[in-house]
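Peer 1: Quick one: sequence and predicted model below, then my questions.
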Amino acid sequence: MKNIDFAATLKTELLEGLRVSVAELGGPNSLKHLSPHGTTIGAFPILKGEAAIVFSDGKMSAMDQGMYLSIDKIMRVDATSVLLISGSPAIGERVRRTLRNYIGFLEDSEQERLTFRAKVNFLKDALFSGLGLAGAGLSVMPIFVAYDAEQKRIRICTLFPDSSHIDHTATAEDTGEKPVSLFGSGYTSGAGLLRKLWRPGLTEKAGLAVAREVLEETARVDNASGGKFRFKRVDAGGVRVIGEDSDAQR
């Protein structure tokens, strides 16, 4: 099966399911103050880029109050990719489902594998189609992690509602920055710690310890982070749960 890049010919009608007006959801005030949102998510490569560890807390809050403590914010897209959700879990699930259907439709009809770049470009368009909702307070800021079969390595990308993105793998090559991503309310307390602890060639065991320490620190400092911690590994063989889920009891 050859790879195909549909980025230049993306059919935006596939995004119509994401176009929901603010009025349909009760107006901007209800969105800003009442909508539930998830918080801390992160990802980084291990084993010299052959795999990635993705992780999240389990807390979902609304009106500055914790609503749920065991939300799974690591959503599987296809066999070798996941979408981590910070922000509205409902919009995040909608974006994930639309991307999954897009991949399935094109790969089944064309019998060719979609490239990493094409998937990222689809996500950028999907997020941009909901920019009005983001301005009203209902937004999603995901991290997309996938095994790139073309380059035979893990790719990590953080995306924003205005369709901008950071390809951490490419940025690390160009600037020497560490190819790690942390997003959500735990960013202030956790991002610096993650950059400090991460190093090339981490094993799964060492990487799991890094992810756990970062989540524990964010839960200690940030009231919006906490609940059940989740850890998964992404590589050429697929996506699987690693470690034991733990609870920050916050």
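Peer 2: Yep, it's here. Numbers count the residues shown, from 1 in each chain.

Peer 1: From now on I want contacts and neighbour counts done on CA atoms only, so please keep to that.
Peer 2: Fine.

Peer 1: neighbours of residue 176, just the number please.
Peer 2: 10 (other CA atoms under 10 Å).

Peer 1: for residue 175, same thing?
Peer 2: Residue 175 has 8 nearby residues by other CA under 10 Å.

Peer 1: Just the pLDDT for it.
Peer 2: For residue 175, the pLDDT comes out at 91.

Peer 1: Please identify the buried residues of the longest helix seen in the chain?
Peer 2: Assignment by DSSP state H gives helix 89-110 as the longest helix of the chain. With burial defined by 16 or more other CA atoms under 10 Å, the residues of helix 89-110 counted as buried are 89-93, 95-96, 98-100, 102-104, 107.

Peer 1: from these, which is closest to residue 142?
Peer 2: Within the buried residues of helix 89-110, proximity to residue 142 (CA to CA) peaks at residue 92, which comes in at 7.6 Å.

Peer 1: shouldn't that closest one be in contact with residue 140?
Peer 2: Yes. Taking CA atoms under 8 Å as the definition, residue 92 is a contact partner of residue 140 at 5.9 Å.

Peer 1: Need the residues touching each of these two.
Peer 2: residue 85 (CA atoms under 8 Å, 6 or more residues apart in numbering).

Peer 1: Against residue 117, how distant is residue 74?
Peer 2: 20 Å (CA to CA, to the nearest Å).

Peer 1: So for the two, which sits in the more crowded spot?
Peer 2: A direct count of neighbours by other CA under 10 Å for residue 74 and residue 117 places residue 74 higher, at 24 against 16.

Peer 1: and that one, what is it in contact with?
Peer 2: Residue 74 sits next to 54-56, 82-85 when contact means CA under 8 Å, 6+ apart.

Peer 1: Of all pairs in those, which one is the farthest apart?
Peer 2: Top of the distance list for the contacts of residue 74 (CA to CA): 56 and 82, 12.3 Å.

Peer 1: The two - which one has more neighbours?
Peer 2: Between residue 56 and residue 82, counted using other CA under 10 Å, residue 56 has the larger neighbour count: 33 against 25.

Peer 1: got the phi/psi numbers for that one?
Peer 2: Backbone geometry at residue 56, expressed as degrees, to the nearest 10, gives phi -160, psi 160.

Peer 1: ok, it touching residue 213?
Peer 2: No. Contact criterion CA under 8 Å: residue 56 and residue 213 do not qualify, at 11.8 Å.

Peer 1: still on that earlier bit, partners of the helix or strand that the longest helix of the chain is followed by in the sheet?
Peer 2: Counting by DSSP states H and E, the next helix or strand C-terminal to helix 89-110 is strand 113-114. Here strand 113-114 is paired, per DSSP bridges, with strand 3-4 (parallel).

Peer 1: And the helices in the protein?
Peer 2: Taking DSSP H as the criterion, the chain carries its helices at 28-34, 89-110, 116-129, 131-135, 168-175, 187-197, 204-221.

Peer 1: Of those, give the one that comes closest to residue 47.
Peer 2: Nearest to residue 47, of all those, is helix 204-221, at 7.5 Å by CA to CA.

Peer 1: Contacts for that closest one next, please.
Peer 2: 40, 46-47, 53, 55-57, 186-187, 189-190, 193-194, 197-198, 225-226, 229, 231, 243, 248, 250.

Peer 1: hmm, try it at 6 Å
Peer 2: Helix 204-221 has contacts (CA atoms under 6 Å, 6 or more residues apart in numbering) with 186, 189-190, 225-226.

Peer 1: Could you tell me the per-residue confidence at residue 65?
Peer 2: pLDDT at residue 65 comes out at 55.

Peer 1: whoops, residue 125 was the one
Peer 2: 86.
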